[in-house]
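**Student:** what's the 3D shape of this:
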Amino acid sequence: MATSINLITLFMLPVLLFGSYGLCESVPGLYVLGDSLVDAGNNNYLALSLLKADFPHNGVDFPTGKATGRFSNGKNAADFLAEKVGLPSAPPYLSLVSKLSSTKATITGVNFASGGAGIFNGTDDLFRETISMTKQVGFYTLVHDQLVQKMGSVGAQAHLSKSLFLVVIGSNDLFGYFNKDSKASKQYTPQQYVDLMASTLKGLLKRLYGLGARKFVVSGVGVIGCCPAQRKQNTSDCKVAANYWATQYNVGLKALLSELKSELSDMHYSYFDTYGVMNGLIQHPENYGITEIKAACCGLGNLKADIPCIPISTYCSNRKNHLFWDLYHPTEYASSVFAGFLYSGSPQVTTPMNAEQLIKV
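**Tutor:** Sure, this is the predicted structure:
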């Protein structure tokens, strides 16, 4: 598959970004893996990708006022988590492949997330090109090797053991299963499919652990059947089946994290109940100052979900009163709410601890 970057070069080049920021004592780095909910611009570098956000009106509320490749009017949840732990936003991995590392500065994290990515390699078929979770872990392997080269094995492990690994993935796998042309739905029952999602992710998390990761912040799948793209297919009502199987996957995800903890005693995690928090926003939007939970802010047509947020789309004047920015993704404001719960939420939405508590372990 062709990309805008020669893949041989990609694997050969040193890929760490050694910035000018000082070491955050409690959290030296934030490593982000996942899909478009936390993509910071990796898809900008994929020549064949059909999922990009490097054009208006995306980024209208970003500090620069310009599109960055984030599927948002501004920052996403990974950006807000970085702020909370005192780090700069982790830069997209593909923006770093031509940058040489420096021995004098400290790495503060890398974002590997990619719009359209899934736990399964085949999830990206609809979008022609993305960076699957398996590929993201492969790219992280290169980053790990560079860390060892620059810091030594002891120094690299000390850095990584205190860093946070944010994992936000799974929605696209479920969207793919419930797509009308889905091959997976002919091969697996829904339960078999979500079980396979969980077991596959478990293997990938174990690979990250084997490469130094010790503190995981893992987000469950949200109320995917209630995004504008799904509602518009169902006369403005949420798709019940998609939501049900999102909850079933989340059950499996929590179980796999508990299993990993029992197998790997020095592995620690925080599971974030995205579904519960998002459902709270939908059921009681007034508690958050939100007035529109069905329609997208940016788009056209029914629920502004007939087309994505592209330059010919119109967008709402008050983004803070919308749950959704476009047909799939939350507004910057909604993402800030999610990040707040993820960081310091109660035991009802973070298990067995929140991210703030995880940092202190």
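
**Student:** what about the helices in the stretch 101-250 of the chain?
**Tutor:** 133-162, 171-178, 184-187, 190-210, 228-231, 240-263 (DSSP state H, counting those that start in this stretch).

**Student:** Point out the most buried one among those.
**Tutor:** helix 171-178 (a mean of 24; mean count of other Cβ atoms under 10 Å). Using the backbone N, CA and C atoms, a C-beta is placed for each residue, glycine as well.

**Student:** could you say what helices and strands that one packs with?
**Tutor:** On a contact count with 3 or more Cβ pairs under 8 Å, 6 or more residues apart in numbering; DSSP states H and E, helix 171-178 meets helix 184-187, helix 190-210, helix 240-263.

**Student:** gap between the last one and the chain center?
**Tutor:** It refers to helix 240-263. Here the centre of helix 240-263 is set off from its chain's centre by 17 Å, with Cα atoms, centre = their mean, to the nearest Å.

**Student:** one step back: compare the helices of the stretch 101-250 of the chain and give me the one nearest residue 35.
**Tutor:** Distance to residue 35, taken as Cβ to Cβ, is lowest for helix 171-178 among the helices of the stretch 101-250 of the chain, at 5.5 Å.

**Student:** Give me the angle between the closest one and helix 240-263.
**Tutor:** Here the directions of helix 171-178 and helix 240-263 differ by 130 degrees (axes from the mean of the first three to the mean of the last three Cα atoms, to 10 degrees).

**Student:** ok, and what's touching helix 171-178?
**Tutor:** 35, 37, 116-120, 122-126, 182, 184-185, 188, 190, 193-194, 197, 221-222, 224, 239, 241-242, 245-246, 249 (Cβ atoms under 8 Å, 6 or more residues apart in numbering).

**Student:** that older thread, dump the helices and strands packed on helix 171-178 into JSON lines; add distance to residue 317 and mean pLDDT as well.
**Tutor:** Shown next, in JSON lines, are the helices and strands packed on helix 171-178 (distance: least, Cβ to Cβ, whole Å; pLDDT from 0 to 100):
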{"stretch": "helix 184-187", "distance to residue 317": "40", "mean pLDDT": "92"}
{"stretch": "helix 190-210", "distance to residue 317": "39", "mean pLDDT": "98"}
{"stretch": "helix 240-263", "distance to residue 317": "30", "mean pLDDT": "98"}
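
**Student:** possible to save the helices of the stretch 101-250 of the chain as CSV with distance to residue 108?
**Tutor:** Shown next, in CSV, are these (distance: least, Cβ to Cβ, whole Å):
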stretch, distance to residue 108
helix 133-162, 10
helix 171-178, 27
helix 184-187, 38
helix 190-210, 18
helix 228-231, 34
helix 240-263, 25
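
**Student:** out of those, which comes closest to residue 97?
**Tutor:** Closest among the helices of the stretch 101-250 of the chain, using Cβ to Cβ: helix 133-162, at 9.1 Å.

**Student:** So which elements touch the closest one?
**Tutor:** strand 30-34, helix 190-210.

**Student:** what angle separates it from helix 190-210?
**Tutor:** 50 degrees.

**Student:** Out of the helices of the stretch 101-250 of the chain, which gets nearest to residue 55?
**Tutor:** helix 228-231 (19.0 Å).

**Student:** Send over the closest one as PDB, restricted to the C-alpha atoms.
**Tutor:** Extracted C-alpha coordinates of helix 228-231, given in PDB (Å, rounded to 0.1, in the frame of the first residue of the first chain):
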ATOM      1  CA  PRO A 228     -25.200  11.700  14.400                       C
ATOM      2  CA  ALA A 229     -24.100   9.300  11.600                       C
ATOM      3  CA  GLN A 230     -25.900   6.400  13.300                       C
ATOM      4  CA  ARG A 231     -29.000   8.400  14.500                       C
END
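
**Student:** So that it lines up with my notes, have the first residue be 58 from now on.
**Tutor:** Sure, I'll start numbering at 58, so the last one becomes helix 285-288.

**Student:** tally of neighbours for the nearest residue to residue 197 once chain neighbours are set aside?
**Tutor:** Using Cβ to Cβ, 6 or more residues apart in numbering and skipping the chain neighbours, the partner closest in space to residue 197 is residue 169 (6.1 Å). Residues near residue 169, counting by other Cβ atoms under 10 Å, number 26.

**Student:** From residue 133, how far out is residue 169?
**Tutor:** 14 Å (Cβ to Cβ, to the nearest Å).

**Student:** before we move on, what about residue 110?
**Tutor:** 10 Å.

**Student:** joint contacts of these two?
**Tutor:** With Cβ under 8 Å, 6+ apart, residue 110 and residue 133 have common neighbours 96, 127.
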